[in-house]
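Participant: structure of the sequence below:
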Amino acid sequence: MSNITLSVDDEIIKIVRKIAIDKNTTLTALIRDFLKSVAERDAVERELAIKELDKSFTALSRDMGKKSWIRAELHER
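Facilitator: Below is the predicted model of the structure:
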């Protein structure tokens, strides 16, 4: 597990430490849980975006028919 260093206003630290005590946990655990929730939320949002994109491709795609040309024909001059 990695360690990080944060600079946070002293008043915020006091408030959050009190919250941690009320929740029978630590400041470190609260921060770890928060960062984990941010990562999980991002993963869910990405998955939803991919599903929406796939749905759009499915809804908007059209059959172009059989390919009746060759590349060389497209570049004839």
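
Participant: any low-confidence regions in this structure?
Facilitator: 77 (pLDDT under 70).

Participant: now do 50
Facilitator: In the predicted model, the chain carries no residue with pLDDT under 50.

Participant: now the element after the longest helix seen in it, going C-ward?
Facilitator: Longest helix in the chain, counting residues (DSSP state H): helix 27-60. On the C-terminal side of helix 27-60, the closest following helix or strand by DSSP states H and E is helix 71-74.

Participant: and the longest helix of the chain, what does it pack onto?
Facilitator: Here helix 27-60 touches helix 10-22, going by 3 or more Cβ pairs under 8 Å, 6 or more residues apart in numbering; DSSP states H and E. For glycine as for every other residue, the C-beta is placed from the backbone atoms N, C-alpha and C.

Participant: which neighbouring elements make contact with the helix it packs on?
Facilitator: Counting by 3+ Cβ pairs under 8 Å, 6+ apart, helix 10-22 packs on helix 27-60.

Participant: the helix it packs on vs helix 10-22, what angle?
Facilitator: 90 degrees (axes from the mean of the first three to the mean of the last three Cα atoms, to 10 degrees).

Participant: helix 27-60: which residues count as buried?
Facilitator: In terms of neighbour count (16 or more other Cβ atoms under 10 Å), helix 27-60 has no buried residues at all.

Participant: how far does it sit from the chain's center?
Facilitator: Centre-to-centre, helix 27-60 and its host chain are 4 Å apart (Cα atoms, centre = their mean, to the nearest Å).

Participant: cool, stretch 66-76 as well?
Facilitator: 41 Å.

Participant: stretch 62-73 too?
Facilitator: Taking Cα atoms, centre = their mean, the mean C-alpha location of stretch 62-73 is offset from the chain mean by 38 Å.

Participant: for residue 4, see how far away the residue nearest the centre of the chain is.
Facilitator: By Cα atoms, centre = their mean, the chain has its centre lying nearest to residue 42, at 2.5 Å. To residue 4, residue 42 is 18 Å away according to Cβ to Cβ, to the nearest Å.
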